[in-house]
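Asks: Give me a model of this one.
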Amino acid sequence: MPWIKTIAPDEASGRLAKTYAASIERVGKVFGIVRSMSLDPRVLDSSMGLYRNIVKEGNALSRRQREMLATVVSKANDCHY
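Replies: Alright, predicted model coming up:
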């Protein structure tokens, strides 16, 4: 299993601490997928922005359909996210 150095929420500062705080406010914790990008907060913020634009913004599919597709793809990839 690969190992990725990450920054724990209690060790975060600056931009990363703000991103972590927003994550905790939104879902109650900082998931591993978020911590995996902690060494470069710019990449993390860009990734989160992409996610928001794809999943939460309006397009041809409803939010429910997009979430369902994300769930099916994650299951097919054996990914618990």
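Asks: C-alpha from now on. contacts and neighbour counts both.
Replies: Will do.
Asks: can you count the residues close to residue 20?
Replies: Residue 20 has 23 neighbours, counted by other CA atoms under 10 Å.
Asks: give me the element it is part of.
Replies: helix 14-27 (DSSP states H and E).
Asks: Show me which residues of that helix are buried.
Replies: 16, 17, 19, 20, 21, 23 (16 or more other CA atoms under 10 Å).
Asks: Just give the closest residue to the third one, not the sequence neighbours.
Replies: If I follow you right, that is residue 19. Nearest residue to residue 19 in three dimensions, chain neighbours excluded: residue 45, at 7.3 Å (CA to CA, 6 or more residues apart in numbering).
Asks: Can you give me the pLDDT of residue 39?
Replies: You'll see residue 39 listed with a pLDDT of 95.
Asks: which residues does the residue nearest to residue 12 when sequence neighbours are not counted contact?
Replies: Distances taken as CA to CA, 6+ apart put residue 20 closest to residue 12, at 7.8 Å, once the chain neighbours are dropped. Taking CA atoms under 8 Å, 6 or more residues apart in numbering, we find residue 20 in contact with 9, 12, 30.
Asks: Go through the residues you listed and say which is closest to residue 40.
Replies: Distance to residue 40 across these (CA to CA) is lowest for residue 12, with 11.6 Å.
Asks: so how far is residue 39 from the closest one?
Replies: As judged by CA to CA, to the nearest Å, residue 12 and residue 39 stand 10 Å apart.
Asks: Give me the pLDDT value at the residue nearest to residue 12.
Replies: Looking at residue 20, the pLDDT reads 96.
Asks: still on that earlier bit, could you say what helices and strands the helix or strand that the helix holding residue 20 is followed by packs with?
Replies: Going down the chain from helix 14-27, the next helix or strand is helix 32-35, by DSSP H and E. Packing contacts for helix 32-35, counted by 3 or more CA pairs under 8 Å, 6 or more residues apart in numbering; DSSP states H and E, involve no helix or strand.
Asks: Tell me the buried residues in helix 32-35?
Replies: Buried, per 16+ other CA under 10 Å, within helix 32-35: 34, 35.
Asks: cool, stretch 55-74 as well?
Replies: 55, 66.
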